[in-house]
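Q: Fold the following, please.
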Amino acid sequence: MSEAAADKRKLGPGLKFLLEMGPLVLFFVVYNRTDIFVATLVLVAAVLAALVVTWALTRHIPLMPLVTAALVTVFGVLTWLLQDATFIKMKATIVYVLFGGALLGGLLFGRSLLPYAFDSVISLDEEGWRKLTLRWGVFFFFLAALNEAVWRTQSEEFWVKFKVFGFVPLTLVFALAQTPLILRHELKGDKAEQAPEHL
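A: Got it, this is the predicted structure:
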């Protein structure tokens, strides 16, 4: 592990969760009080604010939140300007496909991109990163297909609720389900220090 990586400041788990989930919760609350167009503008502002806070506290921005924020901004502005909620609904599908494609594509070239995507603080052996990357890549494609099915077949209100009460719990359950694999392949002590940052 490089000295720069070791010195990189990290957010606490609670604050990191708040910065990731806060914008989505605001989107849900504002939607219930106004409409999807106002809620989308609030989502864009909240996501950008979360990036600013992350940068101020750590002096770096992880890749996954950065890409997500860029797509939220583009599709959010299109949603507002064209008054068409289809753009913000499709944004999630595009994000999931991008991340899933990047992870599985990286594996085809013998590289695990998962540590880049998640700004990982854990150290795994090569087999562990490969298995975890494969699982997350497939899971992202599953989420993309699920998002398409939900927004195309259900009401707008149902889709908004599902973003908070469907996708979030599914992702948390999936992440927790990976704990046994992580524990089996985690590198500790000197092995973790000697492991390359990204495989």
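Q: Isn't Gly22 up against Ala46?
A: Yes - between Gly22 and Ala46 a contact is recorded at 6.3 Å, counting by CB atoms under 8 Å. The way it works is simple: take the backbone N, C-alpha and C, and place the C-beta from them, glycine included.
Q: gap between His60 and Leu51?
A: Using CB to CB, to the nearest Å, His60 is found at 11 Å from Leu51.
Q: Of the two, which one has the most company?
A: Leu51 (19 against 14; other CB atoms under 10 Å).
Q: what comes into contact with the helix or strand harbouring Leu181?
A: For Leu181, the host element (DSSP states H and E) is helix 179-185. Residues outside helix 179-185 that contact it (CB atoms under 8 Å, 6 or more residues apart in numbering): Ile122, Leu124, Asp125, Glu127, Gly128, Trp129, Lys131, Leu132, Arg135.
Q: Please point out which parts of the longest helix along the chain sit buried.
A: Criterion DSSP state H: the longest helix present in the chain is helix 126-153. Buried positions in helix 126-153, judged by neighbour count with 16 or more other CB atoms under 10 Å: 128-133, 135-137, 139-141, 143-144, 146-148, 150-151.
Q: helices or strands up against that helix?
A: Packing partners of helix 126-153 (3 or more CB pairs under 8 Å, 6 or more residues apart in numbering; DSSP states H and E): helix 86-108, helix 114-118, helix 156-162, helix 168-177, helix 179-185.
Q: Nice, that's everything, thank you.
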